[in-house]
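Novice: Sequence first, then the predicted structure:
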Amino acid sequence: MKIMIITILVSLFLFLNISGCIDENNSSGNHINENNPVAYMNTTMGSIKIELYQHLVPGTVENFIQYANNGFYDGLVIHRVIAGRMIQGGGYYPDGTYKAPIFDPIDLEIHQDARNIEGAIGIGPGVNDNNLTCQFYICVSTQENLDDKYPIFGVVTEGMDVVQSIANVQVDRKYELYNWPVTDIVINSVDIIG
């Protein structure tokens with residue numbers, strides 16, 4: 001009898017695995033695909049590993065990779081922090097100088113499996129709300145109100161503690177912008193693997 005139960009359980013496991021019904025999500029809930037490229041964002045507060053959703057939103061991922069490979073983000077800061085909600089970077093130097101995008105804006109690319117959950121990274125609006133280019137945000141918690149407004153193109157798979165630490169820094173109004181960290185958080189580099 002025990003052998004028959006074990007055989008049934010093993011068969012059920014294999015069936016679910018082959019059918020694709022086993023959850024491939026990471027701890028943050030977004031879909032994970034081992035063939036996707038990975039971004040390593042190195043900041044003055046620590047490193048963040050991000051899986052890029054090339055299988056879901058290839059155009060948006062290509063845009064981010066293009067900026068990263070060009071070294072665009074090197075030396076910029078996380079310029080906006082909203083505690084409990086998100087952090088944003090990719091547009092300003094530590095002295096408040098704006099860094100203009102170097103590539104054309106992208107189309108809004110939305111996928112129902114890429115949502116604004118904890119750890120999700122999306123292309124945020126720049127100076128113009130419809131200008132999806134180089135600025136990005138990382139959700140500190142689920143932000144359903146942003147779903148379908150901005151393209152989510154990846155998820156943090158390691159370093160969420162770093163994101164949370166950044167989200168808890170003291171902020172002030174600086175360079176005519178609100179929620180700028182009092183102590184600069186610099187993006188040293190964004191390296192793409194895969």
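Specialist: That came in fine, so what should we check first? Given the structure is predicted, the values throughout are model-derived calculations rather than measurements.
Novice: which residues of the chain fall in strands?
Specialist: All strands of the chain, identified by DSSP state E, fall at 38-43, 46-52, 78-82, 86-89, 120-125, 132-139, 152-158, 171-174, 177-181, 187-193.
Novice: And those strands: which comes nearest residue 69?
Specialist: strand 187-193 (6.1 Å; C-beta to C-beta). Backbone N, C-alpha and C define where each C-beta goes, glycine included.
Novice: That closest one - what's its average pLDDT?
Specialist: Average pLDDT, strand 187-193: 98.
Novice: for stretch 37-50, same thing?
Specialist: 98.
Novice: CA atoms only for it, dumped as PDB, please.
Specialist: As requested, the backbone C-alpha atoms of stretch 37-50 are provided in PDB (Å, rounded to 0.1, in the frame of the first residue of the first chain):
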ATOM      1  CA  PRO A  37      19.800  38.000 -18.400                       C
ATOM      2  CA  VAL A  38      20.700  39.400 -15.000                       C
ATOM      3  CA  ALA A  39      21.700  42.900 -14.000                       C
ATOM      4  CA  TYR A  40      24.100  43.500 -11.100                       C
ATOM      5  CA  MET A  41      23.500  47.000  -9.800                       C
ATOM      6  CA  ASN A  42      26.400  48.100  -7.500                       C
ATOM      7  CA  THR A  43      25.600  51.000  -5.200                       C
ATOM      8  CA  THR A  44      27.300  52.700  -2.300                       C
ATOM      9  CA  MET A  45      24.800  51.000   0.000                       C
ATOM     10  CA  GLY A  46      25.400  47.500  -1.500                       C
ATOM     11  CA  SER A  47      24.600  45.300  -4.500                       C
ATOM     12  CA  ILE A  48      21.300  44.400  -6.000                       C
ATOM     13  CA  LYS A  49      20.800  41.400  -8.400                       C
ATOM     14  CA  ILE A  50      17.900  41.800 -10.800                       C
END
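Novice: tell me, what residue is most central in the protein?
Specialist: residue 121 (2.0 Å; C-alpha atoms, centre = their mean).
Novice: could the strands of the chain go into a markdown table alongside distance to residue 67?
Specialist: Below are the strands of the chain laid out as a markdown table (distance: least, C-beta to C-beta, whole Å):
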| stretch | distance to residue 67 |
| --- | --- |
| strand 38-43 | 10 |
| strand 46-52 | 12 |
| strand 78-82 | 16 |
| strand 86-89 | 11 |
| strand 120-125 | 10 |
| strand 132-139 | 5 |
| strand 152-158 | 12 |
| strand 171-174 | 24 |
| strand 177-181 | 21 |
| strand 187-193 | 8 |
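Novice: I am finished for the moment; much appreciated.
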